[in-house]
Structures are given as C-alpha cells and as structure tokens.
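Student: Give me a 3D structure for the following:
(one chain, ligands or ions: 3)
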Amino acid sequence: MVVVESPAKVILFGEHAVVYGYRAISMAIDLKTTCTVEESDTTIINLKDLKKSLKIPIEEILNLNVNEYGDFRYVLCAIKNTILYLLSHKNLDLKDLKPFKLTITSQIPISCGLGSSASTTISTIKGISAFYERPLDDNEIATIGYHVEKEVQGKASVTDTATITYKGLLEIENNTIRRIEGGLKDFIKSCKFLICYCEERKKKTAELVNEVANHKNRDDIFKLIEKVVDTSKTTFDKEIFGELMYINHNLLKRLGVSTPKLDEVVEIGKTYGYGAKLTGAGGGGCVIILVNENKEDELINKLKEKGVEYFECRMVY
Ligand SMILES: Nc1ncnc2c1ncn2[C@@H]1O[C@H](COP(=O)(O)OP(=O)(O)OP(=O)(O)O)[C@@H](O)[C@H]1O
Ligand SMILES: C[C@@](O)(CCO)CC(=O)[O-]
Ligand SMILES: [Mg+2]
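Tutor: Ligands and ions are numbered 1, 2, ... in the order given. As a prediction, the model looks like this:
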C-alpha cells in the first residue's frame, strides 16, 4: 500500500489576477490531504469525505471526459494525466497497468478557497506515481497538476498546484514560480493568521474564474491588485500588510467574487486585526485575518459572537 500526503494553500495576494499572468503570492499551510493506493482486483476510487465510490476500468479512465464525473473529476483527471505521462515518459507499459483501489481523505474544507481541489490532485498524482513505482520530481508533479486543474476548470493558474507541490511561500507571475526566502518569508513567519470559514460556496472555482473572465473592467482591477502585491513584497510592517490585504479584498469585491458574509468577516478582521481578505476563488468559503496580538481577545469574541469557525494556519515549508 502507498500512502502520500499534500498540504493546503492560502493566497495572500493576487488571486484571479494571477490567471491572466499578473503577480500573486501564496503559501502552503498545515492542512493535509492523504491518498492511499493499494492492489485490487478491480479499479475503485473512494472519496471518503464525500462518501462516494466509483468502480471504473483503467481503460475508461484513460479515455474519459472528466467533466462527466462530478466530484470525481479532479481525481480521475489526475489519474488519467499521470498514467499517460508515465506511459510516455517513464517506461510504463500498458501491460503494467494493474488495477488499484485509490482512497482520498482530507482535512481541507472542500470548495472553501484553501486549494482542496489542487491538494486532491497533487496527492493523487503522487499516489499513482508511487503505486506504479515510477518516481516523479516536483517539477513533473506540479506540471501534471496544473494541466489537471486547467482541463477540469477550463482556466487556471499554476498557483494552487505549485504551492501545494513546492510548499513554502511562492511568488507566481505569468505561470512562472519564484520561491520567496529571507525578508518577506521571515516577516510572514512572524505573523499570526486566522482562517475563518464563512459560508458554503454556491459556485465552484471554475464558475467563478469564468465569471471574472467576462468582467468588463477586469484588467484595470488586476493592475491595481498587482500594485498591492508589489508593495507587499517589501512591507515588513503588520499595519501596512493588513491594509494591503484589505485593499486586495475590496478589489476582489469589485470583481464580483465576494459576498456579504465574506465582507462582514473582513470588516471584523479590519477592526479587530491588522487586516483581512477573502482567499481563493471567493463566492463564499474563507477569509484570512492578520491577527493584531493587542486585540486578539476582542477578535475571537467577535468571531464567536458571529458564529464564525476559525483556526490558526501555519506555513508549511
Ligand atoms: N476531500 C476531497 N475528496 C474528493 N474530492 C475533493 C476533495 N476536496 C476537493 N475535492 C474536489 O475538488 C472540488 C472543489 O474544488 P474547488 O476548486 O471548487 O474548491 P477549492 O479548491 O477548495 O477552492 P480554491 O480553488 O478556491 O482554492 C470538489 O468539488 C471535488 O471535485
Ligand atoms: C481563483 C484562482 O486564482 C485561485 C483559486 O484558488 C484560480 C487560479 O489561480 O487557478
Ligand atoms: Mg480549487
């Protein structure tokens, strides 16, 4: 039996703009997805958290249209793309394709902006690679993962899959990846962030990304978001960093991906913390708050008063 894990992610600045090549900053956080792959008489996919199972021949997986499979689409697309890559690049032969039982379990709340799809995708890629004993390096894993999210969603950046693969703190620009070390990373490690689960999303990332594509002022807003990203890279002051988060949130609000509930929690983060913003595709899901240690008790009391679930997130690197 093979057991592999992948973390979650939060986007500190630049979501949605990054799909069009603008800069973004994201970080891997300490929630994980676990993928187990074991020998089986037939190929079965178990999505434990969704309480769903699917028996499907490998031959069908290699030829499927993933978007006909609902919640299985990321896992099936990851299996398909990984096996096709191993067949063409790692001397795997069709006769080697023994059936398997693949099981996914995750700590990451689903469709909340924390990269649950990307973490599911990357852990599946790693699981299939290990099961067929064809090791992949991080670049191969991240590349396959990006193509999976793009195939499922129609549009995607490398942000989520790269962050979950390489971990740490990354800057993304034009789908290229730069690992951030030193100043900003040390500053981020000195910060305390709370992730607040605000509400269930009514739309998937794919839908939200496609809605933004049709926004008439999207590029003007993206340019303003990129100014926030660039300022944040040399800002080692929590007051200013929190204000930049708030500015980014309001630009995402102008893009139409926030909700009244997200805005309400962001305002709490702005009043009782240094700042806050939605994280991920939006449309519901989570807000990230930069904690002001001097007002932390008031912040917690306010979140509890509003019935908002929260947890402290820590960078994984
Ligand atoms: N634990 C899981 N088990 C199986 N499939 C999962 C799991 N978590 C996520 N998925 C897949 O990912 C989909 C959610 O992906 P989506 O991109 O909409 O949300 P997200 O990745 O959590 O948010 P964001 O992309 O904004 O970070 C689910 O519908 C399902 O197909
Ligand atoms: C909304 C988006 O920017 C981040 C989703 O977590 C989409 C992407 O980058 O692929
Ligand atoms: Mg996703």
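Student: Correct me if wrong: K203 contacts G283.
Tutor: Yes: with contact defined as CB atoms under 8 Å, K203 counts as touching G283 (4.5 Å). No exception for glycine: its C-beta is placed from N, CA and C like everyone else's.
Student: Excluding chain neighbours, what is closest to the residue most central in space within the chain?
Tutor: Closest to where the C-alpha atoms of the chain average out (CA atoms, centre = their mean) is G115, at 2.1 Å. Leaving aside its sequence neighbours, G115 sits nearest to K9 (CB to CB, 6 or more residues apart in numbering; 4.0 Å).
Student: Do you know the pLDDT at the one you found?
Tutor: pLDDT, K9: 97.
Student: Spell out which parts of the stretch 101-250 of the chain neighbour ligand 1.
Tutor: Contacts of the stretch 101-250 of the chain with ligand 1, taken as CB under 6 Å from any ligand atom, map to 104, 106, 110-118, 120, 160, 204-205.
Student: Can you list the buried residues in the helix or strand containing K253?
Tutor: For K253, the host element (DSSP states H and E) is helix 238-255. For helix 238-255, burial by neighbour count (16 or more other CB atoms under 10 Å) applies to 238, 241-249, 251-255.
Student: Which one of K203 and G283 is surrounded by more residues?
Tutor: G283 (23 against 16; other CB atoms under 10 Å).
Student: Next up, phi/psi of the more buried one, please.
Tutor: phi 70, psi 20 (degrees, to the nearest 10).
Student: do the same with C196
Tutor: Torsion angles, degrees, to the nearest 10, at C196: phi -110, psi 120.
Student: Cross-check the contact I'm expecting between it and G307.
Tutor: No: between C196 and G307 there is no contact under CB under 8 Å: 10.9 Å.
Student: more neighbours, the two?
Tutor: The residue with more neighbours, out of C196 and G307, is C196; 24 against 6, by other CB under 10 Å.
Student: beta partners of the more buried one?
Tutor: Taking DSSP bridges as the rule, C196 bridges to V287, Y310.
Student: For it, give me its contacts.
Tutor: 265, 269, 286-289, 303, 308-310 (CB atoms under 8 Å, 6 or more residues apart in numbering).
Student: From T176, how far out is it?
Tutor: The gap separating C196 from T176 is 31 Å, by CB to CB, to the nearest Å.
Student: got it, and L47?
Tutor: 33 Å.
Student: And P57, by the same measure?
Tutor: 38 Å.
Student: and the stretch 51-200 of the chain, which of its residues are near ligand 3?
Tutor: S117 (CB under 5 Å from the ion).
Student: what number of residues lie near A206?
Tutor: 18.
Student: Might you report the residue contacts of it?
Tutor: Neighbours of A206 in contact, by CB under 8 Å, 6+ apart: 152-155.
Student: repeat that with 6 Å
Tutor: Counting by CB atoms under 6 Å, 6 or more residues apart in numbering, A206 touches Q153.
Student: That one falls within a strand, correct?
Tutor: No: counting by DSSP: H, G, I helix; E, B strand; the rest coil, A206 is not found in a strand; it is helix.
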